[in-house]
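> here is my input; please provide its structure:
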Amino acid sequence: MTSSPASEPAAAPPRPSGHRPLRRMTSRGRDEAHRVASPLELFFDLCFVVAVAQAGMQLVHAVAEGHAGEGILNYAMIFFAIWWAWMNFTWFASAYDNDDALYRFVTLVQIASVLVLAAGVSEAFEKHDYMLVWLGYAIMRFAMVAQWLRAARSTRGAERTMALRYAGGVLLCQVGWLGLLVLPESGRPWVYLVMVVAELCVPVYAEKDHNTSWHPHHISERYGLFTIIVLGETIAAATIAVKSAVDEHEAVGELIPIAVGGLLIVFAAWWIYFVVPIHGHLRSSKHAFLWGYGHYLIFASAAAIGAGLEVAVEQAVGKAHISTLAASAAVTLPTALFFLTVWTLHSRHFKVGIAQQLVLPTTALLVIVCTFLGEWAVLAAGIVSALSVVIGMMLPARTIVGGTPRTA
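Numbers count the residues shown, from 1 in each chain. Next up is the predicted model:
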């Protein structure tokens, strides 16, 4: 992640031609045409979602057993490690991806390390043993250090200083994360809070004199693709839960409202996130900084919707030891958070007038109210979500008729 857009060089260097196994890692231009996600980046995202799925699965178990508070805390901690490693690679790749053999190898190491992290998620949730999670995260971060050192070797002046600051900051933070292994369990939440702040400050410090040349369209596409993958994982998790419940309990009548409501929620979430192109908004340093960091809530809530749907299914067939109200909240609360965060980061910048601005905040509020509708809560939340999409489409049409052609 970078805290601000790059200071453009006089002329962006052309991308290397040919198939040389090793190339200099020089910065790419922010005005580079036809910049899209590479097959390696797509592979990277798919493998990272394995860890997201593991975190969601453990959240389901915790909430279903009546340990929602502890489960949410563990989920937030694990998800930060996944999201931060993904995000750091994404912004680095947008600025320095030279697609040579060494770059590919280091990226594959990062992919392997997230699988190590995923393997340790259950131990972290159930036994508070963070060894595998720390190891997987450490390998990812050391690989990132190697990438920054390589960039430093290929640059000079303020850009080289920036790359070295990144490398040093990441290393120091990784030492700090050792506190999760050596300190008593009661002190770990404080270690987590301190280290999260430290990690978030590394880009701010590293780029105070020079900014990386990330590509706005490429960044917005990368975030959008990861959102799609997480929403797809949400549908997959909910589908497996429904199938399992039908096979074991034949409770089709109880599950249809949850399945329909869940689909409506996910479809509405996709629609609302992608209704407007955001890359043009990322040319401001302040907006890019807040937008990138704010996606922690978007990604985490999107994945939590799937976990909530699984909890609702388990509660409907009597497998979860919680009330209908708690099971409904497991779906409605992350849904409301997703809508509210997307409005804050995306939609409000493109809305015209108070009516358009209020659509998503009102939707989030009504989704929360749906929590109290018992076994119909998820279906009601899905209907409210779908109606928000319909209203969002109608309002711009009315605005055009009124003589102010704007896009919502």
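
> in the stretch 1-150 of the chain, where is pLDDT below threshold?
Counting by pLDDT under 70, the stretch 1-150 of the chain shows low-confidence ranges at 1-19.

> show me where it has helices.
With DSSP state H, counting those that start in this stretch, the ranges of helices along the stretch 1-150 of the chain come out as 39-64, 68-96, 101-119, 121-127, 131-154.

> which of those helices sits closest to residue 278?
Closest to residue 278 of the helices of the stretch 1-150 of the chain is helix 68-96 (Cβ to Cβ; 14.5 Å). To be clear about C-beta, it is placed using only N, CA and C from the backbone, and glycine gets the same treatment.

> what is the closest one packed up against?
Contacts defined by 3 or more Cβ pairs under 8 Å, 6 or more residues apart in numbering; DSSP states H and E place helix 68-96 against helix 39-64, helix 101-119, helix 121-127, helix 131-154, helix 188-206, helix 216-249, helix 285-316.

> which ones are touching the residue nearest the centre of the chain?
Of all residues in the chain, the one closest to the mean position by Cα atoms, centre = their mean is residue 299, 3.0 Å from it. Going by Cβ atoms under 8 Å, 6 or more residues apart in numbering, residue 299 touches 52, 79, 83, 226, 227, 230.

> redo the helices and strands packed on helix 68-96 as JSON lines? Include distance to residue 361.
Output for the helices and strands packed on helix 68-96, formatted as JSON lines (distance: least, Cβ to Cβ, whole Å):
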{"stretch": "helix 39-64", "distance to residue 361": "26"}
{"stretch": "helix 101-119", "distance to residue 361": "35"}
{"stretch": "helix 121-127", "distance to residue 361": "33"}
{"stretch": "helix 131-154", "distance to residue 361": "35"}
{"stretch": "helix 188-206", "distance to residue 361": "26"}
{"stretch": "helix 216-249", "distance to residue 361": "20"}
{"stretch": "helix 285-316", "distance to residue 361": "15"}
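
> most packed of those?
Among the helices and strands packed on helix 68-96, helix 285-316 has the highest mean neighbour count (mean count of other Cβ atoms under 10 Å), at a mean of 24.

> could I get the average pLDDT for it?
Average pLDDT, helix 285-316: 88.

> again with stretch 339-348
Averaged over stretch 339-348, pLDDT sits at 87.

> follow-up on the earlier one: closest one to residue 353 among the helices and strands packed on helix 68-96?
Evaluated with Cβ to Cβ, those place helix 285-316 nearest to residue 353, the distance being 21.4 Å.

> please spell out which residues along the helix or strand following the closest one are buried.
Following helix 285-316 in sequence order, the next helix or strand is helix 324-345 (DSSP states H and E). If you call a residue buried by 16 or more other Cβ atoms under 10 Å, then helix 324-345 has these buried ones: 324, 326-345.

> helices or strands next to helix 324-345 in the packing?
helix 252-274, helix 285-316, helix 353-369, helix 377-401.

> contacts for the shortest one?
This means helix 353-369. With Cβ under 8 Å, 6+ apart, helix 353-369 has contacts from 272, 332-333, 335-337, 339-340, 342-343, 347-348, 351, 381, 384-385, 387-388, 391-392, 395-396, 399, 408.

> below-threshold pLDDT in the stretch 301-408 of the chain: ranges please.
The model of the stretch 301-408 of the chain has pLDDT under 70 over residues 349, 396-408.

> swap in 50 and give it another go.
Along the stretch 301-408 of the chain, segments meeting pLDDT under 50 span 399-408.

> that older thread, for residue 256, find the nearest of the helices and strands packed on helix 68-96.
If you check each of the helices and strands packed on helix 68-96 against residue 256 by Cβ to Cβ, helix 216-249 wins as the nearest, at 9.1 Å.

> that closest one vs helix 68-96, what angle?
In terms of direction (axes from the mean of the first three to the mean of the last three Cα atoms, to 10 degrees), helix 216-249 departs from helix 68-96 by 150 degrees.
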